[in-house]
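Engineer: Sequence and predicted structure, then a few things I'm wondering about:
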Amino acid sequence: MKKKGLITLILLISFMLPLFSFSHTVSAEEISQDPSLEDIKERGVLIIGTSADFPPYEFHATVAGKDTIVGMDISIAQKIADDLGVELQIEDMQFDSLIPALETGNVDMILAGMSATDERKLSVDFSDIYYEATQNLVIRSEDKVLYSSKDDLAGKIVGAQMGSIQEKLAKTEMVDSKLISLGTTSDLLLALKTNKIDAIVMEGPNALAFTGVDDTILTFEGGFEGGDTEGSSIAMSKGSDSLMNVVNTSLAEIEAEKLIPDYLAQAGTYLETAQGSAATESGKSSMTNYWSYFMEGTLNTIFISVVSVIIGSFIGVLLALVRLSNNKFFSFLATAYVEFVRGTPMMIQVMFIYFAVGYLINIPAMLAGIIAVSLNSGAYVCEIIRSGLSSVPTGQVEAARSLGMGKNTALRHIIFPQALKNIWPALGNEFVTIIKESSIVSVIGVSELIFQTRVVTSVSYRGIAPLAVSMVIYFILTFSLTKLLNYYEGKMSHD
Amino acid sequence: MIKIEHLAKSFGENVVLKDINEEIKKGEVVVIIGPSGSGKSTLLRCLNLLEKPTEGEIIFDGTSLTNVKENKLNHLREKMGMVFQSFNLFPHKNVLENMKIAPMKVKGIDDGVAEKTAIELLRKVGLEEKAQAYPSSLSGGQQQRVAIARALAMNPEVMLFDEPTSALDPEMVGEVLSVIQDLAESGMTLVVVTHEMGFAKKVADRVLFMDGGYIVEQGTPEEIFGNPKNARTQDFLAKVL
């Protein structure tokens, strides 16, 4: 067994190696020719990556009844797109997925209030700085008397966004405080309001935007030594000089015409209307105002799950048949596949498919998500079918074979129908699992239920209610599915 | 009809059959007896290649089973009906479907003809009224009679019985044995592995006594039961009779 595992590993690595070396040759070509600008003009669309939970830089707002991503960065991106004479397309994803998405060519540039750190400069190029902000601390209003500088928070818990400058500042300049890193600003604010943390390290404009619309929190300048000089820049792929020149020209115009304050003011009004419309409803924002967000998320979750289970079942049946076949080589490959998929986290699989396939062809996140979940599900379905088939007593095969039935006839008419009784419930459980697990595709920005829940959290400024709503929706989905499957299962077992 | 030449079978280190040479003639009723673990069932299962012999050959109707392709083997198995200790009826099909599936799917006989044959055979084993019943609703004796009828539906040239009454309650043994006896009297070639000595005495043309992977002694029932020559045969019969 041990030896077999080692061979599997070697085999897998040798499969993956060409993938990486190929990607290298692609980026090398890009540098020599620099088609970055020409590509965008030819396509007629500028694709930017952002993490839209960062007001006033970028955030979700309801504009003319439709969910839209707005903010200062978006206004800048629009200006660049206009200068290029192309359409603007926005890809919304988690902050730490942005640079991989840029590297793999899924987006042309990143506008996400991103600072040009030396670490990031290793993998991407940055434009001129278009905005410089202070670094603030956000605390609960009731703690006003307790904390007035970062040193007051010694021994307390501070939060920062994962992978951000603020996280680094907290690490280096607040060594006596305990740091908790979370994925989104909304999660951080929720943690602060529910007393999980005592302060958040946040960039000034965001801190002002959030505290401006919420009386229960307030902000002050943190007095950090680093960070203050770190301005926001636009990130582009290494070596895309032609694009860089155009972007810097646009940024210079913005600087000369002093457009940034206008952009911020515009963002502020979206923030206010978002907050205002929610507040007028019933004092606090009611979740019913956001039903369309949940609806879209739920439909996408159902869509991903149904499609993935169907494709996954096909893959699973195929794998199971291959595993049971006499061909040792293919059987071994199928076994290796199943073991590998079951032995790695689905989150990595989802990101790997999206970014790795992104090297070769640009596929939409939704498609990448469905592919990843299907491939994952296939491995589990294979095991379900295999164990279902082997649960049929060997006497049944012997009886069938002794009657002159061939292997396939016996499998089809005798073994499989009996195995189905065991396979069906397990397959149903797999479906339920997929509904829940498909939430992982939110990491690559697919707007399924979890992703939409985050959006509602950032639009409504409420932390717990959206979580409760999405939890109830998930439960309704899985519970009714379980009941439905039980009903059919009961119908099937007449004998 | 069936020729066994230098047959040997081992499961890993465990040698179960050692150099068996035997011939079963058309219309002959051969009963194999012997203590548990002597290799009786393995020998029987080698005859239709449910167990693959380690060495030697099985020759059926002039064709060596041990060297043929899968397709040909399936075809030859049609002619060798087999009845198992644990019946092995298909639980997801009713009695009639159990009997029809192989003739229809393997031989391509159409539904009507297969059904007619099935009903006839069910009448023969006295279970005509159970045609629509599912196996789980039948007694052990009834299930085994259906299993016999199912094997007969393929119109085999020989029937192999692997301890057909060992899993039955005592009161059901009789009904199954009488069906087998009817078959024997009809001139069908039978190979029966059994612990029912009375039955062996009454029905067998030839009795094989096996022990330790060998056929130790063989002869007519009168010779084996009346005047066993080998010490191990005497010992075994003294215990069971």
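Structural biologist: In hand now; what should we look at?
Engineer: For the nearest residue to B:Arg145 once chain neighbours are set aside, give me its contacts.
Structural biologist: Excluding the flanking residues, the one nearest B:Arg145 by CB to CB, 6 or more residues apart in numbering or on different chains is B:Val125, at 4.1 Å. The C-beta positions use only the backbone N, C-alpha and C, and glycine is treated the same way. Contact analysis of B:Val125 by CB atoms under 8 Å, 6 or more residues apart in numbering or on different chains lists B:Arg145, B:Val146, B:Ile148, B:Ala149, B:Val179.
Engineer: Now B:Val125. Its backbone dihedrals?
Structural biologist: For B:Val125, the backbone dihedrals (degrees, to the nearest 10) come out as phi -90, psi 10.
Engineer: Within the helices and strands, which one has A:Tyr293?
Structural biologist: Assigned by DSSP states H and E, A:Tyr293 falls within helix A:291-324.
Engineer: just B:Val15 next, same as before
Structural biologist: Using DSSP H and E, B:Val15 falls in strand B:14-24.
Engineer: Please name every helix or strand in contact with that strand.
Structural biologist: With contacts defined as 3 or more CB pairs under 8 Å, 6 or more residues apart in numbering or on different chains; DSSP states H and E, strand B:14-24 has these neighbours: strand B:2-11, helix B:40-47, strand B:214-219.
Engineer: what's the most buried one of these?
Structural biologist: Counting by mean count of other CB atoms under 10 Å in any protein chain shown, helix B:40-47 has the highest mean neighbour count of the helices and strands packed on strand B:14-24, with a mean of 23.
Engineer: pLDDT averaged over it, what's the number?
Structural biologist: Throughout helix B:40-47, pLDDT has a mean value of 95.
Engineer: Direction included, what does whichever helix or strand comes after it pair against?
Structural biologist: Using DSSP H and E, the helix or strand that follows helix B:40-47 in sequence is strand B:55-60. Here strand B:55-60 has these sheet partners by DSSP bridges: strand B:2-11 (antiparallel), strand B:63-64 (antiparallel).
Engineer: The nearest residue to A:Gly297 once chain neighbours are set aside: helix or strand, and which one exactly?
Structural biologist: Closest residue to A:Gly297 apart from its sequence neighbours, by CB to CB, 6+ apart: A:Gln452 at 3.0 Å. A:Gln452 belongs to helix A:449-460 when assigned by DSSP H and E.
Engineer: could you say what helices and strands that helix packs with?
Structural biologist: When contacts are defined as 3+ CB pairs under 8 Å, 6+ apart, helix A:449-460 packs onto strand A:53-54, strand A:58-63, helix A:185-193, helix A:260-282, helix A:291-324, helix A:464-492.
Engineer: Show the model's pLDDT score for the spatially most central residue of chain A.
Structural biologist: Central residue of chain A (CA atoms, centre = their mean): A:Val443, 1.3 Å from the mean position. Here the pLDDT value assigned to A:Val443 is 85.
Engineer: Make a markdown table out of the helices and strands packed on helix A:449-460 and add mean pLDDT and mean neighbour count.
Structural biologist: A markdown table is the format used below for the helices and strands packed on helix A:449-460 (pLDDT from 0 to 100; neighbours: other CB atoms under 10 Å in any protein chain shown):
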| stretch | mean pLDDT | mean neighbour count |
| --- | --- | --- |
| strand A:53-54 | 81 | 27 |
| strand A:58-63 | 84 | 22 |
| helix A:185-193 | 84 | 23 |
| helix A:260-282 | 62 | 16 |
| helix A:291-324 | 92 | 19 |
| helix A:464-492 | 88 | 14 |
